[in-house]
Every structure is written in structure tokens, then in C-alpha cells.
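K.L.:
The sequence and its predicted three-dimensional model are supplied below.
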Amino acid sequence: MITNFFIPELNNHDVQELWFQQDGATCHTARATIDLLKDTFGDSLISRFGPVNWPPRSCDLTPLDYFLWAYVNSLVYADKPETLNHLEDNIRRVITDIRTQMLEKVIENWTSRLDYIRASRGSPMPEIIFKM
């Protein structure tokens, strides 16, 4: 996906000063993947084994992590797709159906998370429960 879709798509856009960030999940940090990402993003890579290491035990701060993946996953697999085409159609449909109001709530929640982190000066936050 990175080689066949993401990098070619990225090259179609005039993007300046781009950072690539991913968590430390082992499926994201295979040597070949990290080498490819380092070749593409150089020192602007935040990842386990990357030039900028992913902070251990960091909370999910991006809307992709704490909202989008779980939301899409719950709806994409609701009808148990049995073919790749069916799965791809479900993904497209679910993403397309996300409404502006929902995204506005996600961003409000995101800014609340950032405010809380700033106030805690980066200390652990075991008592916090983020709600949508």
C-alpha cells in the first residue's frame, strides 16, 4: 500500500515539510517498511526504529487513532464482507457517509485532549477518559 498507493499519491501533491507518524505496532515497523519510510521521509519520520522514536506508552492523540479506525472498522465489517471488492466498497461507503457534524465533534474532542496534555505538562494521565 505504501509503495503502490501512498507514495505515488503523495507525489501528486505539492506537500512541503511533511512528517510521517505511525505508532510502534510491530506490523508497522518491519525493517523493510522502516527503510522505505526513511528513504521517503528522511529525518521526518516518527516511528519505532525511526529517526524520531514513537514515545512509549503514549496515548492516542490523533483522531485517526482514537476515532476513525474503530468507527470505520465497526461499520465496515457489520455485514461480514466475504470478498475484497465487497470490503473495499464498504470502506468507501463508510468513509463517504461520515458527516461534517461528526467530524466537528471529533475535532472538539481532539482539542480537549491537547489542552489536557498541555495542562498536565506531558505527565501520565491514567484517570482521564476521553469521550466522543
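P.N.:
Structure's in. What do you need?

K.L.:
Show me the contact partners of the lowest-mean-pLDDT helix or strand in the chain.
P.N.:
Every helix and strand of the chain was ranked by mean pLDDT, DSSP states H and E. The lowest is helix 63, at a mean of 80. For helix 63, the external contacting residues (CB atoms under 8 Å, 6 or more residues apart in numbering) are 106-107, 109-110. Placement of C-beta: from N, CA and C, glycine included.

K.L.:
who are the neighbours of the next helix or strand after it, in terms of helices and strands?
P.N.:
Heading C-terminal from helix 63, the first helix or strand you meet, by DSSP states H and E, is helix 69-76. Other elements packing on helix 69-76 under the criterion 3 or more CB pairs under 8 Å, 6 or more residues apart in numbering; DSSP states H and E are helix 84-96.

K.L.:
Please save the CA atoms from the helix it packs on in PDB.
P.N.:
C-alpha atoms of helix 84-96 as PDB (Å, rounded to 0.1, in the frame of the first residue of the first chain):
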ATOM      1  CA  LEU A  84     -12.100  -7.900  -1.300                       C
ATOM      2  CA  ASN A  85     -14.400  -5.900  -3.600                       C
ATOM      3  CA  HIS A  86     -17.200  -6.000  -1.000                       C
ATOM      4  CA  LEU A  87     -14.700  -4.900   1.700                       C
ATOM      5  CA  GLU A  88     -13.400  -2.100  -0.400                       C
ATOM      6  CA  ASP A  89     -17.000  -1.000  -1.300                       C
ATOM      7  CA  ASN A  90     -17.800  -0.900   2.400                       C
ATOM      8  CA  ILE A  91     -14.800   1.200   3.300                       C
ATOM      9  CA  ARG A  92     -15.600   3.700   0.600                       C
ATOM     10  CA  ARG A  93     -19.300   3.900   1.700                       C
ATOM     11  CA  VAL A  94     -18.500   4.300   5.400                       C
ATOM     12  CA  ILE A  95     -15.900   7.000   4.800                       C
ATOM     13  CA  THR A  96     -18.100   8.800   2.400                       C
END
